[in-house]
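S.K.: just coords:
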């Protein structure tokens with residue numbers, strides 16, 4: 001409600017309208033986004049693999065910031081593009097090693113949560129699932145991917161040169177990216193070892209018997225990777241403030257909607273984990289979701 005009603009109303013009365021230059025770049029990016037959304041819907045409907053959007057989650061932002069930097073090679077735009085590309089390459093690598101990418105681009109590992117979701121009563125029936133796939137999986141999620149990157153459009157044409165605040169924001173971006181990288185690496189190592197032991201028929205050590213990771217960063221947060229992901233794009237938005245834009249401007253919508261998505265996504269994932277692992281409920285009570293509990 002805050003993101004879709006309060007923010008646009010506030011921006012309408014207090015923010016600055018987009019000039020023709022920014023509107024032109026935005027039209028290009030929206031056109032690309034609609035094309036890929038339709039493509040994702042078509043391929044997922046034909047192949048029944050609904051992780052087509054997952055493949056684009058890390059790759060489309062690279063395209064968006066790359067196009068913007070190509071049309072407007074300004075120092076701040078280039079800096080933001082380089083940071084977003086680093087984020088995209090890292091996430092693409094993490095997704096690829098799980099089998100998400102194949103040379104037949106329409107194939108690849110499907111996120112297990114889509115199958116769980118398909119079994120829910122409210123999604124039974126081909127037509128219901130098709131509508132959900134079209135509206136949420138294909139268009140909403142890929143629309144959110146575009147919205148996350150739009151601070152790079154807001155900074156176009158800024159007369160404010162790069163200064164210490166930009167470098168501080170870049171440092172924070174890289175710091176949260178490092179947290180996300182370490183968290184994913186710890187999870188990858190844990191899951192790889194767990195399934196290797198199972199496949200070999202060996203007795204699982206106690207830390208693997210419980211089934212989930214609760215060491216390293218995961219000892220302090222249940223989703224340190226999600227925390228890093230959300231923080232990266234919140235920090236990305238701060239470049240607009242460094243560029244001289246009003247502190248609450250239109251390009252914040254993507255990062256705020258991302259918070260909503262990760263809240264519901266983590267709820268769904270944790271419900272699955274709690275049904276599979278008896279001790280997970282206690283872990284869920286005692287460890288913070290995205291931030292450490294200080295009490």
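M.R.: Cool, the structure landed. Just so you know, these numbers come straight off a predicted model, no measurement behind them. Numbers count the residues shown, from 1 in each chain.
S.K.: and the next element down the chain from the lowest-mean-pLDDT helix or strand in the chain?
M.R.: Confidence across the helices and strands of the chain bottoms out at helix 7-14, with a mean of 74, counting by mean pLDDT, DSSP states H and E. Downstream of helix 7-14, the first helix or strand assigned by DSSP states H and E is helix 20-47.
S.K.: Check the model's average confidence along that following helix for me.
M.R.: Average pLDDT, helix 20-47: 95.
S.K.: Tell me how far that helix lies from the chain's centre.
M.R.: Helix 20-47 sits 17 Å away from the centroid of its parent chain (Cα atoms, centre = their mean, to the nearest Å).
S.K.: buried set for it?
M.R.: 22, 25, 26, 29, 33, 36, 37, 40, 41, 43, 44, 45 (16 or more other Cβ atoms under 10 Å). Heads up, the C-betas are built off the backbone N, CA and C, glycines and all.
S.K.: give the contact list for the third one.
M.R.: In this case it means residue 26. Shown in contact with residue 26 (Cβ atoms under 8 Å, 6 or more residues apart in numbering): 18, 150, 153.
S.K.: Could you report the distance from it to residue 55?
M.R.: Per Cβ to Cβ, to the nearest Å, residue 26 is found 24 Å from residue 55.
S.K.: Excluding chain neighbours, what is closest to the residue positioned nearest the centre of the chain?
M.R.: Centroid-nearest residue in the chain, with Cα atoms, centre = their mean: residue 229, separated by 5.9 Å. Among residues not flanking residue 229 along the chain, residue 180 sits closest, at 5.7 Å (Cβ to Cβ, 6 or more residues apart in numbering).
S.K.: what about the one you found, how many neighbours?
M.R.: Using other Cβ atoms under 10 Å, residue 180 is surrounded by 24 other residues.
S.K.: That one against residue 233, yeah?
M.R.: No: look at residue 180 against residue 233 with Cβ atoms under 8 Å: they stay out of range, at 11.1 Å.
S.K.: Can you give me the buried ones in stretch 4-17?
M.R.: Neighbour-count burial for stretch 4-17 flags 7, 11, 15 (criterion: 16+ other Cβ under 10 Å).
S.K.: Now the terminal residues of that stretch, how far apart.
M.R.: One end of stretch 4-17 sits 17 Å from the other (Cα to Cα, to the nearest Å).
S.K.: residue ranges with poor pLDDT in the stretch 101-250 of the chain?
M.R.: The model of the stretch 101-250 of the chain has no residue with pLDDT under 70.
S.K.: any chance you could map the helices in it?
M.R.: Secondary structure of the stretch 101-250 of the chain, counting by DSSP state H, counting those that start in this stretch: helices at 112-118, 126-132, 141-149, 151-154, 164-200, 206-209, 224-242.
S.K.: Show me what the first one is in contact with.
M.R.: Just to be clear, that refers to helix 112-118. With Cβ under 8 Å, 6+ apart, helix 112-118 has contacts from 50, 51, 123, 129, 137, 268, 269, 272.
S.K.: Just give the nearest non-adjacent residue to the second one, would you?
M.R.: Put plainly, it is residue 51. Nearest to residue 51 is residue 110, by Cβ to Cβ, 6+ apart, at 4.4 Å.
S.K.: residues near the one you found, how many?
M.R.: When neighbours are counted by other Cβ under 10 Å, residue 110 registers 18.
S.K.: just the one 10 residues further on next, same as before
M.R.: With neighbours defined by other Cβ under 10 Å, the count for residue 120 comes to 8.
S.K.: again, but for the one 3 residues further on
M.R.: Counted by other Cβ under 10 Å, the residues lying close to residue 123 total 14.
S.K.: Repeat that for residue 157.
M.R.: If you count neighbours by other Cβ under 10 Å, residue 157 ends up with 12.
S.K.: And for residue 75?
M.R.: Using other Cβ under 10 Å, residue 75 has 12 other residues around it.
S.K.: where does residue 3 land in three-state SS?
M.R.: With DSSP: H, G, I helix; E, B strand; the rest coil as the basis, residue 3 sits in helix.
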